[in-house]
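A.B. asks: based on what follows, work out the 3D shape:
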Amino acid sequence: MIDKIKEALKKAKVSIYQIKEVKSLSAELFFVKHELNTRRMTDKVEYTVKVFNEFEEDDNHYLGEASVTLPAYSIITSAEMVKKFKEAYKNAAFVKNKYYSLPDKEAAGKFRPDTQKNFNGKTVQEVAGDVAMTVFMAEEDHLRGGNSFDTPIEDIIKEGRSFLNSLEVYAIDKTTRIINSNELDVSFKEQITEGEIVVQCKKKEDVELFREFYYKGTENDILSRMVREFLSMAELRSEAIKFKLTDNKPLPVILYGDSVREMLQYYVEKSLASYVYPHYSDYKVGKEVQDADNAPHSFDEINITLNAPAPYDEEGRSIDDKVIIKDGICKVIHGGSRFSEYLGIEPAGVYVKGGLTAEPTAFFSVPAGTHTLSGLKNGRYLEIMGFSDFQVDPITGEFGGEFRLAILHIDDACIPVTGGTINGIVDKSSNTFKFSKEMQKSNGFSGPLALKFDRASVGCKL
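C.D. replies: Take a look at the predicted model:
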C-alpha cells in the first residue's frame, strides 16, 4: 500500500508529503456489572497522507498542507487516489503557512529499539481479560473489607456499599510507520490498555460516577488502587450534602488526581512553540513561572519533564524525555518543525497532541513534593475529590469547575459536600503551590497525588 501511495503522489505531481500508517489490533470487552455484554476484536490499518504545496505569492514563501485519509480495506483504485491527492494539493494552496522544512532522516537519528512497557508476550485478548479481572478483584476487596467471606456480595451491596455498574476495557497493540519526502522512514510499536469504569452507590442518594483510565502497557497494581479509591469516593458522594459557605474567609483548596494533572499541564502548553510564536504565551527560556518574589509563604517549585510516549514523535523525529521547567524556570520551548523554525530554534519534538482521542494530550512527570498528605491537611480547607467538569484555559490560565464531591474541613468538622464551584487563575495561585510526597500515575501523568494552594474563589452553585 505504501508503494501504491507513493506512486499516486508522483502521478499527482506532489513532491512534498508525509505518509502515516497505523496498524492496530485490539481486544475490547464491555461488561454490565459482571456480565460480559459484548466482546469485540478489531484488526485495522489506517493511512493518513499529508500533502504539501510550496508556493510564492506577493514575494512571500508559503507551505500549505491538506490531509487525506485513505480507506485501507475497501477498494480504492490508483486513479481515485491520484484524484484525491490532486484535490488536496489544490486545497493546500489556500493554506498560507509561512514556509518551513520537514524533518529529514537525520532528525530520526539511529534506529531505536522499543523500550516502552509492553504486554510481556501476552495476546491482546489475554491482557484485556487480565485488566477486567483486576477491576473485579479490586471491587471485591472493597466490598469484603470489614465483612465476612460468608456474607453474599449482594447483601453487602444492599447495606449501602458502592459497586461496579459497568466496565469497558480495550487492549491495543499498535504499530506506526512515518515516511516523508525527505527520506525519513521510521516505525515504532505501542501497547496500550485503556477503558472506562462506572460505579454506583445507593446508600442515601443514588449516584453514579465514571472514570477513564489509560496506560502504556499494563499497570494493574495502580489500576486496582484507583478502583478501590473510586468506589470509596462513590460512597462519600452518596452521603454528601449541598455545599454552602457560612463566611467569606479565605479557604485553601486541595485537588487530587486528574485535576492536579490539568493544573500542571498549563505549563506544558504555555511552553509550546505554537503558543509562543503567535504571542498566546510570553514564555521564553529563563522565564520564572511562579512569581517567587511575591509569594505569601513557602511553596514548592515546579519541575516538569515531558515524557516521550514513543521513540519518535508524529513527524518522525527522535525524541527522549525532556525537562521543560526546572525549579520554577522555563528551560525549553518545545514543538515541531513549523513553529520552531519560525522562532529560530531547534525543534525539541512534538510532545503535545491535539484531536478528540482517548490518548492523553501530553505525557509528563512532576517529582514528589515536600509535604506529606497528612501535613497538607491542616486548618480550614476544602478537599476536592472529584469534579463533574474541571478545565484550565491554556492561554489565560483561568481554571474552574463544579465539584461532585469535596470534604469541607472547618471548625474541626469533616463534611462531605457536593454542588460547589471553584475558579481562579493559575499564575496567581502558583506561588502558593504545595505538592504531596504521595504520588499518582494515570492518564499520561506521573506526579504528586495532591496539590494544595490559595487564592481560589469557592462558591455555591445557584
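
A.B. asks: show the average pLDDT along whichever strand or helix holds residue 175.
C.D. replies: Element membership of residue 175, judged by DSSP states H and E, is strand 163-180. Mean per-residue pLDDT for strand 163-180: 96.

A.B. asks: partner strands of it, with direction?
C.D. replies: strand 16-32 (antiparallel), strand 185-201 (antiparallel) (DSSP bridges).

A.B. asks: now do the helices in the protein.
C.D. replies: 2-11, 78-92, 105-108, 124-144, 153-158, 220-239, 258-270, 273-276, 337-343, 373-376, 426-429 (DSSP state H).

A.B. asks: least confident of the ones you listed, on average?
C.D. replies: Among those, helix 153-158 scores lowest, with a mean of 79.

A.B. asks: nearest residue to residue 143 other than its sequence neighbours?
C.D. replies: residue 156 (5.0 Å; CB to CB, 6 or more residues apart in numbering). For every residue, glycine as well, the C-beta is placed using N, CA and C.

A.B. asks: that neighbour: neighbouring residues, count only.
C.D. replies: By other CB atoms under 10 Å, 19 other residues sit near residue 156.

A.B. asks: my guess is it contacts residue 142. True?
C.D. replies: No - contact status for residue 156 versus residue 142: not in contact, 9.7 Å apart, counting by CB atoms under 8 Å.

A.B. asks: domain ranges for the chain?
C.D. replies: For the chain, the domain assignment from automatic domain parsing gives the residue ranges 2-23+44-108, 124-241, 253-460.

A.B. asks: closest to residue 32 out of these?
C.D. replies: Closest to residue 32 of these, according to CB to CB: domain 124-241, at 5.4 Å.

A.B. asks: helices and strands of this protein: which one bottoms out on pLDDT?
C.D. replies: helix 153-158 (a mean of 79; mean pLDDT, DSSP states H and E).

A.B. asks: check which helices and strands that helix sits against.
C.D. replies: Counting contacts by 3 or more CB pairs under 8 Å, 6 or more residues apart in numbering; DSSP states H and E, helix 153-158 packs against helix 124-144.

A.B. asks: now with 10 Å, please.
C.D. replies: helix 124-144, strand 163-180 (3 or more CB pairs under 10 Å, 6 or more residues apart in numbering; DSSP states H and E).

A.B. asks: what are the buried residues along it?
C.D. replies: Residues residue 156 are the ones in helix 153-158 that count as buried (16 or more other CB atoms under 10 Å).

A.B. asks: burial count for residue 213?
C.D. replies: 21.

A.B. asks: same check, this time on residue 17
C.D. replies: Neighbour tally, residue 17, other CB under 10 Å: 24.

A.B. asks: just to check, it is in contact with residue 89?
C.D. replies: Yes - between residue 17 and residue 89 there is a contact under CB atoms under 10 Å: 9.5 Å.

A.B. asks: biggest strand in this structure, by residue count?
C.D. replies: If you go by DSSP state E, the chain has its longest strand at strand 35-57.

A.B. asks: how far does that strand sit from its chain's centre?
C.D. replies: Taking CA atoms, centre = their mean, to the nearest Å, one finds the center of strand 35-57 at 20 Å from the center of the full chain.

A.B. asks: what lines up beside that strand in the sheet?
C.D. replies: Here, using DSSP bridges, strand 35-57 pairs with strand 16-32 (antiparallel), strand 60-71 (antiparallel).

A.B. asks: list the buried residues for the shortest one?
C.D. replies: Within strand 60-71, the residues scored as buried using 16+ other CB under 10 Å are 62-66, 68, 70.

A.B. asks: roughly how far does the closest residue to residue 54 other than its chain neighbours sit from residue 313?
C.D. replies: Counting by CB to CB, 6+ apart, residue 54 lies nearest to residue 63, which is 5.3 Å off, once chain neighbours are set aside. The gap separating residue 63 from residue 313 is 19 Å, by CB to CB, to the nearest Å.

A.B. asks: for residue 449, same thing?
C.D. replies: Counting by CB to CB - residue 449 and residue 313 are separated by 29 Å.

A.B. asks: pick out whichever of the two has more residues nearby.
C.D. replies: Per other CB under 10 Å, whichever of residue 449 and residue 313 has more neighbours is residue 313, with 25 against 20.

A.B. asks: and that one, what does it touch?
C.D. replies: By CB atoms under 10 Å, 6 or more residues apart in numbering, the contact set of residue 313 is 103, 107, 178, 186, 319, 335-337, 347-353.

A.B. asks: repeat the analysis, applying 6 Å as the threshold.
C.D. replies: For residue 313, the contacting residues are 319, 349-350, by CB atoms under 6 Å, 6 or more residues apart in numbering.

A.B. asks: can you pull the phi/psi pair for the most centrally placed residue in the chain?
C.D. replies: Against the mean C-alpha coordinate of the chain, by CA atoms, centre = their mean, the closest residue is residue 360 at 2.3 Å. The phi/psi pair for residue 360 (degrees, to the nearest 10) reads phi -60, psi 150.

A.B. asks: still on that earlier bit, which neighbours do residue 17 and residue 89 share?
C.D. replies: Shared contacts of residue 17 and residue 89, counting by CB under 6 Å, 6+ apart, come down to residue 51.

A.B. asks: looking at it, residue 312 is touching residue 184, isn't it?
C.D. replies: No - using CB atoms under 6 Å as the test, residue 312 is too far from residue 184 to be in contact (9.3 Å).

A.B. asks: mean confidence for stretch 28-42?
C.D. replies: Stretch 28-42 comes out at a mean pLDDT of 96.

A.B. asks: can you get me the start-to-end distance on that stretch?
C.D. replies: 8 Å (CA to CA, to the nearest Å).

A.B. asks: list the buried ones in it?
C.D. replies: So for stretch 28-42, counting by 16+ other CB under 10 Å, buried means 28-31.

A.B. asks: which of those residues lies closest to residue 77?
C.D. replies: residue 28 (32.2 Å).

A.B. asks: which residues touch the closest one?
C.D. replies: 40, 170.

A.B. asks: from residue 170, how far off is it?
C.D. replies: With distances taken as CB to CB, residue 28 is found 5 Å from residue 170.

A.B. asks: do residue 274 as well
C.D. replies: 30 Å.

A.B. asks: one more: residue 229?
C.D. replies: Distance from residue 229 to residue 170, by CB to CB: 22 Å.

A.B. asks: who has more neighbours out of the two?
C.D. replies: Per other CB under 10 Å, whichever of residue 229 and residue 170 has more neighbours is residue 170, with 22 against 17.

A.B. asks: how near is the more buried one to residue 225?
C.D. replies: Applying CB to CB, the value for residue 170 to residue 225 is 20 Å.

A.B. asks: with residue 427 instead?
C.D. replies: To residue 225, residue 427 is 33 Å away according to CB to CB.
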